[in-house]
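Asks: The following block contains a protein sequence and its predicted model.
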Number of protein chains: 2
Amino acid sequence: MEFDARVPIYLQIIDKIQRDIILGRLKEGEKLPSVRLMALDLKVNVNTVQRVYQELEREGVIITQRGIGSFITEDEEIIKKIRQQMADELLKNFLEGMKGLGMSFADIVKCLKDYISEEEKKDAANKRPD
Amino acid sequence: MEFDARVPIYLQIIDKIQRDIILGRLKEGEKLPSVRLMALDLKVNVNTVQRVYQELEREGVIITQRGIGSFITEDEEIIKKIRQQMADELLKNFLEGMKGLGMSFADIVKCLKDYISEEEKKDAANKRPD
DNA sequence: CCTAGTGTACTATTTAAATATAACAGTAGT
DNA sequence: ACTACTGTTATATTTAAATAGTACACTAGG
């Protein structure tokens, strides 16, 4: 895993784990690696992982049992909720940012569609480089 | 000005100044407040403002003359360029984030439109609270 | 009981950002 | 020359994030 030096590592790890849950890469009830193993894995300090797990537990995303391990919640509502939270956060940040550049809602939608068209061109090109 | 504790103050000030230029609140060739005055204004340390000005000068957004002051560039190309850079950054961050939640391009556009509809409802309600 | 694996807690250190403070250096107006 | 404004540089201190290392506490399995 690669980190962006501009944002705290522990926040990036939280984000990654939440995405893995949302995408189904981590299943409900599944056991997470121990803090020590996760730390080795990410080449990060144990205390940093500890902080990540504590924060995730505070949010109800994982459940930790001393001596046993940490497990993804089986409460689907919480998972739906964090998915919604993350999407809202992205939308809000994007819209506020674009409006702050002087764009109307219509401008923003157009801008997004144009950008997506470009991306789709690239994707298509990558799929058949024969 | 209010700062988000999660991101370095100097980056937030750079962002603010660039937006003010893009929106025309700061005109081409206009003189910026001295580092000391800006520091007082933002309730921030002089060194922090100094760092901001240095960074903006490195990008060509402002031109600094020792003993005289710092001035917004008159090169419109640079201003267009940073506007494009900021929009691209927002688009990239938004799209990557939403794709990372499992959404297709179509999902993302729909999501944005829905969100905008909600915002427009709020705006309309705020305009006539009679 | 013992051991291996787990979470938890504590202290010390490093690093980058921000602050506080002071000094240095160039420019313009008087 | 003097003064008041400008940017620039430097040193020391504070704070939060991250690291390093150690110890403690709980659980399950043999």
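Replies: Structure received.
Asks: Not including adjacent chain positions, what is the nearest residue to A:V52?
Replies: A:I13 (4.7 Å; CB to CB, 6 or more residues apart in numbering or on different chains). To be clear about C-beta, it is placed using only N, CA and C from the backbone, and glycine gets the same treatment.
Asks: Run through the residues that contact the one you found.
Replies: Applying CB atoms under 8 Å, 6 or more residues apart in numbering or on different chains, we find A:I13 in contact with A:1, A:42, A:44, A:48-49, A:52.
Asks: A:G102 falls within a helix, correct?
Replies: No. Under DSSP: H, G, I helix; E, B strand; the rest coil, A:G102 falls outside any helix and is assigned coil.
Asks: Helix, strand or coil: sort out A:G24 for me.
Replies: Classification of A:G24 using three-state DSSP returns coil.
Asks: Make a PyMOL selection of the buried ones in the contacts of A:I13.
Replies: Those of those that count as buried under 16 or more other CB atoms under 10 Å in any protein chain shown are selected in PyMOL with:
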select buried, chain A and resi 42+44+48+49+52
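Asks: What residues does chain A have near DNA strand D?
Replies: A:8-11, A:44-48, A:51, A:65-68 (CB under 7 Å from any atom of the strand).
Asks: hang on, the earlier thing: roughly how far out does the helix or strand hosting the residue nearest to A:V52 sit from the chain middle?
Replies: Element membership for A:I13 (DSSP states H and E) is helix A:9-22. The chain centre lies 4 Å from the centre of helix A:9-22; the measure is CA atoms, centre = their mean, to the nearest Å.
Asks: does whatever helix or strand comes next after it come close to DNA strand C?
Replies: The helix or strand immediately downstream of helix A:9-22 is helix A:35-42, counting by DSSP H and E. Yes. For helix A:35-42 and DNA strand C, the contact criterion (CB under 7 Å from any atom of the strand) is met by A:35-37.
Asks: and those residues, which are buried?
Replies: The buried subset of these (16+ other CB under 10 Å) comprises A:V35.
Asks: Looking at the residues of helix A:35-42 next to DNA strand C, which is nearest B:F94?
Replies: Of all the residues of helix A:35-42 next to DNA strand C, A:V35 has the smallest distance to B:F94: 32.4 Å, by CB to CB.
Asks: Next, the contact list for that closest one, please.
Replies: A:46, A:49-50, A:53, A:70.
Asks: what does the domain assignment say about chain A?
Replies: Using automatic domain parsing, the domains assigned to chain A come out as A:9-75, A:77-127.
Asks: wait, which of these is closest to B:E118?
Replies: domain A:77-127 (9.8 Å).
Asks: is DNA strand C contacted by the helix holding A:I13?
Replies: No. Judged by CB under 7 Å from any atom of the strand, helix A:9-22 and DNA strand C are separated, with a smallest distance of 12.2 Å.
Asks: send the alpha carbons of that helix over as PDB?
Replies: Extracted in PDB, the C-alpha atoms of helix A:9-22 (Å, rounded to 0.1, in the frame of the first residue of the first chain):
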ATOM      1  CA  ILE A   9      -1.400   7.400   7.400                       C
ATOM      2  CA  TYR A  10      -3.900   6.200   9.900                       C
ATOM      3  CA  LEU A  11      -6.700   8.100   8.000                       C
ATOM      4  CA  GLN A  12      -5.600   6.500   4.800                       C
ATOM      5  CA  ILE A  13      -5.700   3.000   6.300                       C
ATOM      6  CA  ILE A  14      -9.100   3.600   7.800                       C
ATOM      7  CA  ASP A  15     -10.300   4.700   4.300                       C
ATOM      8  CA  LYS A  16      -8.800   1.600   2.700                       C
ATOM      9  CA  ILE A  17     -10.400  -0.800   5.100                       C
ATOM     10  CA  GLN A  18     -13.800   0.800   4.800                       C
ATOM     11  CA  ARG A  19     -13.600   0.600   1.000                       C
ATOM     12  CA  ASP A  20     -12.600  -3.100   1.200                       C
ATOM     13  CA  ILE A  21     -15.700  -3.700   3.300                       C
ATOM     14  CA  ILE A  22     -17.900  -1.800   1.000                       C
END
